[in-house]
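Undergrad: return atomic coordinates for the entry below.
(chains A and B)
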Amino acid sequence: MMPTIGVVLIVFYVLCVGFLSVSWDSLSSRGRKFITFFAVGIFPFFGVAVITDLDLERVKKVSFCEKCHTMKPYIDIVKGTDLEPLSALHYQNNWVKQESACYECHTSYTMFGPVQAKLKGLRHMYSYYVEGGNAKPKLYEKYDSRECLRCHGPSRRYLKMKKHTKDANLIKDLQTGKRTCIEQECHPVIHAKPAETEEPANEKDKTS
Amino acid sequence: MKTMPLSIKVVLALNIVGTSLLCVSLLVETPFWLTVTMTNGSLFLMASFALWLRLVIKEAMSKGLLD
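TA: I've put the predicted structure just below:
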């Protein structure tokens, strides 16, 4: 639907600007103002909205993330044949939408989460091209377990699992953000570092 | 086109460049070029809109419609 609207808008815009340029001399003052209003006053809002929507939909895809040299090795590991680490397990078992796997886990599940993700993307760009790149990507802040719990939270398997019920407060602490799933004794490795892929992986946890 | 004021020509030129850049952003593959084309395209369109709005306000003021 969106691409069709985009094409219609572009055609409409080209017609407006073309007509304005060719027939400026023969148009009445009112006609000039009317067409200029559509070409310059109306089109930018709808055009920018539609094209930005199409672009932002495209950048959610893993195929876009892997275009960046820094991320390529990490995505190769996720897509590889080994089911370790946790990110590969999720990707290869289709526990997250494969097409947009990076986006699914690295976007906050809040009202402005997707906007924050885009702003972080711009920060990555600045860091990569202005500050001389970042060989070892790091999260800007502690990973919030809320992103894991939006799928695992209501899962019976997760709620009944021995590891999770051993400590009476664990599930509550995870929900309130006091603790995180990515702890040394729980799920320490989410992405294997490219150089370390040959080393033995951490203990598998396929149950949650 | 001959009698088109320079200000409108500038507005249209900025508008065409902005739109073209946004259209190109749909075709580029790399994050770098996507950022360049999207941000610059939006900036050109905003600049064209701001200039056009300035012209409209100026004309309205000259006709005594705005104080």
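Undergrad: do the longest helix along chain B and chain A come into contact?
TA: Scanning chain B for the helix with the most residues, using DSSP state H, yields helix B:31-62. Yes - under the criterion of Cβ under 8 Å from any Cβ of the partner chain, chain A is reached by helix B:31-62 at B:31-32, B:34-35, B:38, B:41-42, B:45-46, B:48-49, B:52-53. C-betas here are computed from N, CA, C, even on glycine.
Undergrad: among the residues you listed, which one sits closest to A:Lys162?
TA: The shortest separation between A:Lys162 and any of the residues of helix B:31-62 next to chain A is 42.9 Å, and it belongs to B:Pro31 (by Cβ to Cβ).
Undergrad: any of the residues of helix B:31-62 next to chain A buried? List them.
TA: In terms of neighbour count (16 or more other Cβ atoms under 10 Å in any protein chain shown), the buried residues within the residues of helix B:31-62 next to chain A are B:31, B:34-35, B:38, B:41-42, B:45, B:48-49, B:52.
Undergrad: now tabulate these in JSON lines and tack on pLDDT.
TA: Compiled in JSON lines, these are given as follows (pLDDT from 0 to 100):
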{"residue": "B:Pro31", "pLDDT": "84"}
{"residue": "B:Leu34", "pLDDT": "89"}
{"residue": "B:Thr35", "pLDDT": "87"}
{"residue": "B:Met38", "pLDDT": "90"}
{"residue": "B:Gly41", "pLDDT": "92"}
{"residue": "B:Ser42", "pLDDT": "90"}
{"residue": "B:Leu45", "pLDDT": "91"}
{"residue": "B:Ser48", "pLDDT": "92"}
{"residue": "B:Phe49", "pLDDT": "91"}
{"residue": "B:Trp52", "pLDDT": "92"}
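Undergrad: near A:Ile75, how many other residues are there?
TA: With neighbours defined by other Cβ atoms under 10 Å in any protein chain shown, the count for A:Ile75 comes to 20.
Undergrad: tell me the gap between the host helix or strand of it and the middle of its chain.
TA: For A:Ile75, the element it lies in under DSSP states H and E is helix A:72-79. In this view, helix A:72-79 has its centroid 16 Å away from the chain centroid, taken as Cα atoms, centre = their mean, to the nearest Å.
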